[in-house]
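Visitor: model the structure of this input:
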Amino acid sequence: MAKLTKNQKVAFEKFDRESIYSLDEAVKIVKDITTTNFDASVDVNVKLGVDPRKANQMVRGTVTLPHGTGKKVRVLVLCTPDKEEEAKTAGADYVGLDEYIEKIKKGWTDIDVVITMPSVMGKVGPLGRVLGPRGLMPNPKTGTVTMDVGKAVNDVKAGKIDFKVDKFGIIHAAIGKVSFEENKLIDNANELLQTIIKLKPSASKGTYMQSVYISSTMSAGVQVEPKSITIT
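Guide: Numbers count the residues shown, from 1 in each chain. Presented below is the predicted three-dimensional model:
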């Protein structure tokens, strides 16, 4: 086992790694044990009782975090000229079509979200080999292929994130920064977890939400009692 650093030893003295905490307690502990000299992200990891290899057990969705992610989201809108002004007004960082398609083909991916329109998917489709592995490919299910590009940009800038279960049955999502007030992190975590609960596939048998952990960049994970999640 790797030797613990001084900061890790101090962190592990502040909570019991074998214990399960309420969501409120877990958020407080994560803020308390994070010792990075930068504003670390706070992440939620949820292990689900699903088999993601089966289409009827895939869990995927979007959620708008009430207090945003704390991260500047760089948005590219690939659209026809008549939609460019709408995208720019909504706050898109990059707007255009052919010139950005060429840049992406050459490997440019200095963006966080790509939004496009159904009418140009014929041009955007071939970018899948570049955008797909990076999780940037637009998808109607996540609201990033739409005629309402202005609303899509506003939603993303306001804290809308998309998530999906990985091949191990785990959902990973960032819900804010360590600098956020505790209540804001709790609100964001609750919103995400409630959304995941509501997306439970009917084909999922047994315990759906098997484990929930909250951590920050570089911190240990703190286990959350799923029953402490507020369902509204």
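Visitor: can we go C-alpha only for contacts and neighbour counts from here?
Guide: Will do.
Visitor: now do the helices in the protein.
Guide: For the chain, the helices defined by DSSP state H occupy 6-13, 23-33, 81-90, 98-105, 121-124, 128-131, 149-157, 182-198.
Visitor: would TSV of the ones you listed with distance to Gly206 and mean pLDDT be doable?
Guide: Converted to TSV, the helices of the chain look like this (distance: least, C-alpha to C-alpha, whole Å; pLDDT from 0 to 100):
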stretch	distance to Gly206	mean pLDDT
helix 6-13	32	62
helix 23-33	23	93
helix 81-90	44	96
helix 98-105	43	96
helix 121-124	39	95
helix 128-131	35	94
helix 149-157	34	94
helix 182-198	14	95
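Visitor: give me the most central residue, this structure.
Guide: Most central in the chain under C-alpha atoms, centre = their mean is Ala173, positioned 3.8 Å from the mean C-alpha point.
Visitor: hey, what's that one bridged with?
Guide: Beta-bridge pairing for Ala173 (DSSP bridges): Val44.
Visitor: any idea how far it is from Ser216?
Guide: From Ala173 over to Ser216 the distance is 11 Å, taken as C-alpha to C-alpha, to the nearest Å.
Visitor: between the two, what contacts are shared?
Guide: Taking C-alpha atoms under 8 Å, 6 or more residues apart in numbering as the contact rule, Ala173 and Ser216 both touch Asp43.
Visitor: quick one on the thing from earlier: any idea which of the helices of the chain gets closest to Val165?
Guide: helix 182-198 (9.9 Å; C-alpha to C-alpha).
Visitor: columns mean neighbour count and distance to Met209 on top of the helices of the chain, output as TSV?
Guide: Output for those, formatted as TSV (neighbours: other C-alpha atoms under 10 Å; distance: least, C-alpha to C-alpha, whole Å):
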stretch	mean neighbour count	distance to Met209
helix 6-13	13	25
helix 23-33	20	14
helix 81-90	16	37
helix 98-105	14	38
helix 121-124	15	36
helix 128-131	16	30
helix 149-157	21	27
helix 182-198	19	8
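Visitor: and those as a markdown table, adding distance to Val63?
Guide: Below are these laid out as a markdown table (distance: least, C-alpha to C-alpha, whole Å):
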| stretch | distance to Val63 |
| --- | --- |
| helix 6-13 | 31 |
| helix 23-33 | 18 |
| helix 81-90 | 19 |
| helix 98-105 | 27 |
| helix 121-124 | 24 |
| helix 128-131 | 21 |
| helix 149-157 | 10 |
| helix 182-198 | 6 |
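Visitor: nearest to Val75, out of these?
Guide: helix 149-157 (7.2 Å).
Visitor: quick one: contacts of the closest one?
Guide: 64, 72-73, 75, 77, 83, 86-87, 89-92, 113, 115-117, 143-144, 146.
Visitor: ditto for stretch 161-175
Guide: The contact list for stretch 161-175 (C-alpha under 8 Å, 6+ apart) reads 41-53, 58-65, 68-69, 142, 185, 188-189.
Visitor: good, wrapping up.
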